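A.B. asks: below: sequence and its predicted model.
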Amino acid sequence: MAHFLPRVTALLLVLALGACSSVPSQQPQASDYPEPIFTAKRLLPPEHANVTAVYDPWESMNKRIYNFNYHFDQAIFLPVVRGYKAVVPSFARTGVTNFFNNFRDLVTMFNSVLQLQPTKFVQSTGRVVVNSTIGLLGFVDVATKLEIPRPMENFGQTLGYWGVGQGPFVVIPFLGPSNLRDGLGFLPDLYLQNVVANEFMSNSASTASLILYPIDSRANTPFLYYQNGSAFEYQMVRWMYSTKSKLDAEE
């Protein structure tokens, strides 16, 4: 991708220069000129990715939400994350991450059953059992130390496993890039986590986890809006998410 975007930029500049040139009164024949040096065929490798080849009928709305997420990230989310890191010691933040990862393993258990994946079900179940007991409710990731593999499955991937297409690309307020299938698939996973939290945690602990969950997730997401220096960031993020979602559903 790093090699691809400069080539696309060069191609667009060449096309723009050509469009700005004056049109002669008599059009020359194509045979009067040698083959151009800066053609798409020469600039772009055969296996290049087409960043526009994503179904995005709501692009105008998505770009506005993408811009809103950027401002929310800068004004609220990142300052809160920085404060969280300044106040909470590193070992405690690791414990919080492990705790929420234990919930994610629980989601994988559920979706592994729906996907008829016995190996992933056994692995995720083993992780939940070990970390919920020996690992003190998941705050200590004992399962990883025991080298128990950690598959990652969600309901969006389950829908994809059974042949449901991604649908249109969408940018969800506060959450970021997604597609219609994965966006809707997020709801059953969230519902499952809330049911388990309400069943095994007190009201105060459940409320605390509800507040800490997005902060922990953002603290462990290195992506920063408009920091890659590319004029095509939206298109690049859209293509990368759509490609990853497709590959995850095929695994």
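C.D. replies: Yep, that arrived. Numbering: from 1, shown residues only.
A.B. asks: select the longest helix from the protein.
C.D. replies: Ranked by number of residues, the top helix in the chain under DSSP state H is helix 90-114.
A.B. asks: packing partners for it?
C.D. replies: With contacts taken as 3 or more C-beta pairs under 8 Å, 6 or more residues apart in numbering; DSSP states H and E, helix 90-114 sits against helix 118-133, helix 155-161, helix 180-200, helix 203-219. To be clear about C-beta, it is placed using only N, CA and C from the backbone, and glycine gets the same treatment.
A.B. asks: highest average neighbour count across those helices?
C.D. replies: Stretch with highest mean neighbour count among these: helix 155-161 (a mean of 22; mean count of other C-beta atoms under 10 Å).
A.B. asks: mind giving me the packing neighbours of it?
C.D. replies: Secondary elements touching helix 155-161 (3+ C-beta pairs under 8 Å, 6+ apart): helix 90-114, helix 180-200, helix 233-250.
A.B. asks: quick check: next helix or strand after that helix?
C.D. replies: Where DSSP states H and E defines the elements, the next helix or strand beyond helix 155-161 is strand 169-172.
A.B. asks: list the contacts of that following strand.
C.D. replies: Contacts to strand 169-172, defined as C-beta atoms under 8 Å, 6 or more residues apart in numbering, come from residues 54-56, 58, 62-63, 65-66, 69, 177-180, 183, 238, 241-242.
A.B. asks: buried subset of those residues as a PyMOL selection?
C.D. replies: Only the buried entries of the contacts of strand 169-172 go into this PyMOL selection, using 16 or more other C-beta atoms under 10 Å:
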select buried, resi 54+56+62+65+66+69+177+178+179+180+183+238+241+242
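A.B. asks: so what's residue 248 closest to, chain neighbours aside?
C.D. replies: Nearest residue to residue 248, sequence neighbours excluded (C-beta to C-beta, 6 or more residues apart in numbering): residue 157, at 5.2 Å.
A.B. asks: and the one you found, how close does it get to residue 235?
C.D. replies: As judged by C-beta to C-beta, to the nearest Å, residue 157 and residue 235 stand 24 Å apart.
A.B. asks: cool, residue 206 as well?
C.D. replies: Relative to residue 235, and taking C-beta to C-beta, residue 206 is found at 40 Å.
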